[in-house]
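>>> Sequence first, predicted coordinates after that:
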Amino acid sequence: EDKPRGIHHWQRAAMKGDVDSRNKLGDVEYDNGNYQIALQHYMISAKLGYEKSLNYIKEMFKEGHATKAQYAEALLGYRDAVEEMKSLQREEAK
């Protein structure tokens, strides 16, 4: 297992907007105890509509690693992203 190489690929994919890769980077940082960096990664992917990241932020809030305001920001961003996707799908269906 070449972990640094995998992380490098996740970083490149995350920079291009891949939410799963962004979430995985959050997982790595969380596991290393870098909770604020993990939160930043999760926040980005949650605001792009990635539910798994939103759930991780919720857990971090419960554990005291995220504030109520940060969780609220993630919830609003997630909701907006999901609404936007629904609207785009409706437009495409017409």
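Yep, that arrived.
>>> residue ranges for the helices of the protein, please.
Under the criterion DSSP state H, the chain carries helices at the ranges 3-15, 19-31, 35-46, 51-63, 68-93.
>>> So which elements touch the second one?
Meaning helix 19-31. Here helix 19-31 touches helix 3-15, helix 35-46, helix 51-63, going by 3 or more CB pairs under 8 Å, 6 or more residues apart in numbering; DSSP states H and E. Glycine gets a C-beta too; all of them are placed from N, C-alpha and C.
>>> Mind listing what's buried along the first one?
Which is helix 3-15. Under the neighbour-count criterion of 16 or more other CB atoms under 10 Å, helix 3-15 has 10, 13-14 buried.
>>> G49 - nearest residue in space that isn't next to it in sequence?
A81 (3.5 Å; CB to CB, 6 or more residues apart in numbering).
>>> What separation is there between the one you found and K3?
30 Å (CB to CB, to the nearest Å).
>>> same question, L76
Using CB to CB, we find L76 at a distance of 34 Å from K3.
>>> ok, K62 to E73 distance?
Distance from K62 to E73, by CB to CB: 16 Å.
>>> Leaving out sequence neighbours, find the closest residue to H41.
Leaving aside its sequence neighbours, H41 sits nearest to G26 (CB to CB, 6+ apart; 3.4 Å).
>>> pretty sure the one you found is touching S45, no?
Yes: judged on CB atoms under 8 Å, G26 makes contact with S45 at a distance of 7.3 Å.
>>> Provide the count of other residues in contact range of V19.
Each residue near V19 was counted by other CB atoms under 10 Å, and the total is 21.
>>> what's the answer for I37, then?
15.
>>> okay, K62 and E73: which has more neighbours?
Ranked by neighbour count (other CB under 10 Å), K62 and E73 place E73 first, with 16 against 10.
>>> any idea how far Y50 is from A93?
Distance of Y50 to A93, computed by CB to CB: 23 Å.
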